[in-house]
Each structure stands twice: as C-alpha cells, then as structure tokens.
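Chemist: Here is the input, now give the coordinates:
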Amino acid sequence: MMIFQEIVDSLRSLSTEDRDRLFELIRQQKMEERENEILANAREVFKAVEMGTAKKGTFEDIKSYLLADDEE
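Modeler: Now for the predicted structure:
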C-alpha cells in the first residue's frame, strides 16, 4: 500500500490532463458516496415514519425536543 507522500509524488509525475481526469474521478466518487449517505439517511427516516417513531414538528419544536434531551 502506498503512503500518502508516495501518492503525492506520483501525482506530480502525471500530465495535467491525467491529473484533471483523476481529480474528476475522485470528485465523482465523493458525490456518489454522499448520495449513498443521503439515501441511507432517507431510508432510516422512512422506516421511522412507518414505525411511528419519527418526531414531527416545526424547527422550533424539534430544537426544543433535542435541547430537552441534553438537559436530562
């Protein structure tokens, strides 16, 4: 496995075009990971709604609920 500095050194040897492609690939991969994270969170919310365990209300209602939990 390459250490971070080896990767940095390898990047320096790439052409500008190859670096641009690599950075685009990394950007796309990060976007996909974030989309998967959002999807997983949405699934959890839908499951909580189905089970009746989801808390509903205005921002102020939820803020008060969360702050009340911290005080206990």
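Chemist: List the contacts of the lowest-mean-pLDDT helix or strand in the chain.
Modeler: Lowest on mean pLDDT, DSSP states H and E among the helices and strands of the chain sits helix 59-71, with a mean of 82. Applying CB atoms under 8 Å, 6 or more residues apart in numbering, the contact partners of helix 59-71 are Lys55, Gly57. Placement of C-beta: from N, CA and C, glycine included.
Chemist: Go through it and flag the buried ones.
Modeler: Neighbour-count burial for helix 59-71 flags no residue at all (criterion: 16 or more other CB atoms under 10 Å).
Chemist: For that helix, what is the distance to the chain centroid?
Modeler: In this view, helix 59-71 has its centroid 24 Å away from the chain centroid, taken as CA atoms, centre = their mean, to the nearest Å.
Chemist: And for stretch 6-14?
Modeler: 27 Å.
Chemist: ditto for stretch 56-72
Modeler: Using CA atoms, centre = their mean, the distance from the centre of stretch 56-72 to the centre of the chain it belongs to is 24 Å.
Chemist: What of stretch 20-33?
Modeler: That offset, for stretch 20-33, works out to 14 Å (CA atoms, centre = their mean).
Chemist: what mean pLDDT would you report for that stretch?
Modeler: Mean pLDDT, computed over stretch 20-33, is 97.
Chemist: Output that stretch as CSV, nothing but the C-alphas.
Modeler: C-alpha atoms of stretch 20-33 as CSV (Å, rounded to 0.1, in the frame of the first residue of the first chain):
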residue,chain,number,x,y,z
ASP,A,20,-7.6,16.5,-14.2
ARG,A,21,-9.1,13.1,-15.1
LEU,A,22,-8.0,11.7,-11.7
PHE,A,23,-9.4,14.7,-9.8
GLU,A,24,-12.7,14.4,-11.7
LEU,A,25,-12.9,10.7,-10.9
ILE,A,26,-12.3,11.5,-7.2
ARG,A,27,-14.9,14.2,-7.3
GLN,A,28,-17.5,11.8,-8.8
GLN,A,29,-16.6,9.2,-6.3
LYS,A,30,-17.2,11.6,-3.4
MET,A,31,-20.5,12.7,-4.9
GLU,A,32,-21.6,9.0,-5.2
GLU,A,33,-20.6,8.4,-1.6
